[in-house]
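*Asks:* what's the 3D shape of this:
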Amino acid sequence: MATRAKKPDSPSLFAAAGLDHDAPRPLADKLRPQSLAEVVGQDHLLGPDGALTRMIETRSLGSLVFWGPPGTGKTTVARLLAHATDLEFVQISAVFSGVADLKKVFDAARERRETGQGTLLFVDEVHRFNRAQQDSFLPVMEDGTVVLVGATTENPSFELNAALLSRARVLVFRSLDPAAVEKLLARAEAVEGKPLPLDADARAALIRMADGDGRASLTLAEEVWRAARKDEVFDLATLKEIVQRRAPIYDKSQDGHYNLISALHKSVRGSDPDAALYWFCRMVDAGEDPLFLARRIVRMAVEDIGLADPQALVVANAAKDAYDFLGSPEGELAIANAVIYVATAPKSNAAYKAYGAAMRAAKQGGSLLPPKHILNAPTKLMQQEGYSAGYAYDHDAPDAFSGQDYFPEAMGRQEFYRPVERGFEREIRKRLEWWAKLRRERG
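*Replies:* Presented below is the predicted three-dimensional model:
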């Protein structure tokens with residue numbers, strides 16, 4: 001790693017002429033931290049024992065991937081890391097860069113390296129690069145031409161090549177908690193020299209609207225200051241009218257989608273109707289297709305409830321039909337009813353596990369023939385071959401149960417389905433135990 005200090009950036013003609021003093025600057029830009037100590041909300045990385053703090057102290061900065069939601073300081077931290085380690089900071093965006101752009105950046109980094117100056121290459125939205133473009137980073141990472149810091153809002157395990165991930169450490173940036181957002185707002189008030197014209201309830205609501213995004217919180221604060229007349233203080237209702245409502249961070253094709261549907265499914269499986277209803281409403285509020293949710297609830301009914309409550313599948317399907325019939329918004333209530341029903345139903349994955357075990361046996365066993373006694377014998381030849389010989393018609397047997405074996409002879413009897421002692425499956429279990437007893441008695 002190069003240790004030579006960077007030369008200060010020369011001022012632009014615009015700045016040298018003093019024209020930048022009156023140019024409007026977004027509040028987020030004015031409050032951009034000038035040191036790592038000023039970054040809020042990422043104490044697990046930048047606190048006394050944080051991962052980045054240790055790297056800086058030991059001057060052993062390696063390639064990194066910053067994974068976290070927008071507005072959590074990924075770009076700022078990368079820039080300050082370069083300054084703290086005397087590396088030249090170079091920033092590109094995967095959205096606007098191609099192979100030719102990467103080649104230019106790598107060539108410039110090599111020239112810089114020959115003069116003893118290292119390069120920290122910050123790649124925003126690194127997951128947008130395709131596999132070949134991601135592979136192009138490997139040689140320059142390995143030979144030390146660049147220290148790569150990639151930023152992504154998507155799960156690196158799914159979006160980045162394994163080869164790239166093996167050469168970089170993933171650091172998780174967390175959404176800002178309310179205390180961190182409050183710190184940002186206090187700094188903004190100090191910079192602007194005036195308090196936010198909000199009462200206590202409105203201020204708390206603005207922090208919630210930021211949704212853990214520091215940049216968003218400052219943008220909302222700017223909107224409030226612009227709208228306020230002299231000595232005016234906004235209450236909660238007026239705040240909502242002024243800033244409207246910031247859309248939830250939720251991309252139906254990305255991590256947010258899968259995280260929330262996972263939360264819904266696991267809340268149902270955990271028999272928590274309140275949590276399940278909350279996650280259901282979060283997804284509906286974010287614009288999720290209600291029919292997608294209805295389909296997932298049908299899946300929950302067959303996978304996590306099964307025969308412990310056979311009515312669960314009926315209710316789930318009826319909710320889907322009700323939504324088709326009623327449309328929105330009334331139809332969502334039918335699906336909400338189904339969410340509550342499946343969350344409060346007795347749980348069993350016995351049928352789910354039995355199906356999986358039987359499928360594995362079917363694939364592993366090959367083309368095993370059924371035992372001859374349960375094969376039909378419509379011709380004399382088949383009768384001569386023993387087809388249907390010895391078959392016992394169950395309705396003629398005591399208790400309508402013959403106890404015969406129906407598995408292939410080469411496989412022997414198997415047990416796939418093991419009902420639980422819950423719900424309707426308790427009754428099924430009693431039947432199976434009774435039939436097993438009769439089977440043993442009748443050989």
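
*Asks:* what about F292, neighbour count?
*Replies:* Using other C-beta atoms under 10 Å, F292 has 13 other residues around it. For the C-beta atoms, the positions are set from N, CA and C on the backbone; glycine is no exception.

*Asks:* which phi and psi does it have?
*Replies:* For F292, the backbone dihedrals (degrees, to the nearest 10) come out as phi -60, psi -40.

*Asks:* Model confidence score at it, please.
*Replies:* What the model reports for F292 is a pLDDT of 90.

*Asks:* Tell me which stretches of the stretch 301-443 of the chain form strands.
*Replies:* Here the stretch 301-443 of the chain has no strands by DSSP state E, counting those that start in this stretch.

*Asks:* Does V342 touch I297 like I think?
*Replies:* Yes - shown here, V342 and I297 form a contact pair, counting by C-beta atoms under 8 Å, at 6.0 Å.

*Asks:* okay, and the common contacts of those two?
*Replies:* Contact criterion C-beta atoms under 8 Å, 6 or more residues apart in numbering; residues bridging V342 and I297 by contacting each: V268, A316.

*Asks:* Okay, strands next: where are they in the stretch 151-300 of the chain?
*Replies:* Under DSSP E, counting those that start in this stretch, the stretch 151-300 of the chain gives strands at 169-172.

*Asks:* can you map out the helices along it?
*Replies:* Counting by DSSP state H, counting those that start in this stretch, the segments of the stretch 151-300 of the chain that form helices are 156-159, 162-166, 178-192, 200-210, 214-227, 236-243, 255-269, 273-285, 290-300.

*Asks:* In TSV: those, plus distance to Q414.
*Replies:* As requested, those are exported to TSV (distance: least, C-beta to C-beta, whole Å):
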stretch	distance to Q414
helix 156-159	37
helix 162-166	39
helix 178-192	56
helix 200-210	55
helix 214-227	58
helix 236-243	62
helix 255-269	27
helix 273-285	35
helix 290-300	26
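
*Asks:* close enough to count as contact, T76 and Q34?
*Replies:* No - under the criterion of C-beta under 8 Å, T76 makes no contact with Q34, lying 9.6 Å away.

*Asks:* what about these two, which has more around it?
*Replies:* T76 (19 against 10).

*Asks:* Name the helix or strand for that one, please.
*Replies:* Take DSSP states H and E as the rule and T76 turns out to sit in helix 74-84.

*Asks:* Distance from that helix to the middle of the chain?
*Replies:* Offset of helix 74-84 from its chain centre (C-alpha atoms, centre = their mean, to the nearest Å): 26 Å.

*Asks:* Show me what it is in contact with.
*Replies:* The contact list for helix 74-84 (C-beta under 8 Å, 6+ apart) reads 6, 32-36, 39, 42, 45-46, 52, 56, 61, 66, 68, 87-89, 91, 120, 122, 124, 149, 151, 173.

*Asks:* Out of those, which sit inside strands?
*Replies:* If you go by DSSP state E, the contacts of helix 74-84 have F66, E88, F89, Q91, L120, F122, D124, V149, A151 in strands.

*Asks:* out of the residues you listed, who's nearest S402?
*Replies:* Each of the ones in strands among the contacts of helix 74-84 was scored against S402 by C-beta to C-beta, and F66 proved nearest at 67.2 Å.

*Asks:* from what I can see A221 touches P26, true?
*Replies:* No - the criterion here is C-beta under 8 Å, and A221 misses it with P26 at 10.8 Å.

*Asks:* So between the two, which is more surrounded?
*Replies:* For A221 versus P26, neighbours defined as other C-beta under 10 Å are more numerous around A221 (25 against 12).

*Asks:* quick one: contacts for the more buried one?
*Replies:* Per C-beta under 8 Å, 6+ apart, neighbours of A221: L27, L185, A188, L196, L206.

*Asks:* Ok, A108 next?
*Replies:* A108 touches V90, T119, counting by C-beta under 8 Å, 6+ apart.

*Asks:* and it, what element?
*Replies:* helix 99-114.

*Asks:* mind listing what's buried in that helix?
*Replies:* Neighbour counts over helix 99-114 (16 or more other C-beta atoms under 10 Å) mark L102, V105, F106, A108, A109, R112, R113 as buried.

*Asks:* just stretch 224-232 next, same as before
*Replies:* Judged by neighbour count using 16+ other C-beta under 10 Å, the buried positions of stretch 224-232 are V224, W225, A228.

*Asks:* Would you mind putting those residues into TSV with pLDDT and distance to L293 alongside?
*Replies:* Shown next, in TSV, are the buried residues of stretch 224-232 (pLDDT from 0 to 100; distance: C-beta to C-beta, whole Å):
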residue	pLDDT	distance to L293
V224	91	35
W225	91	40
A228	87	40
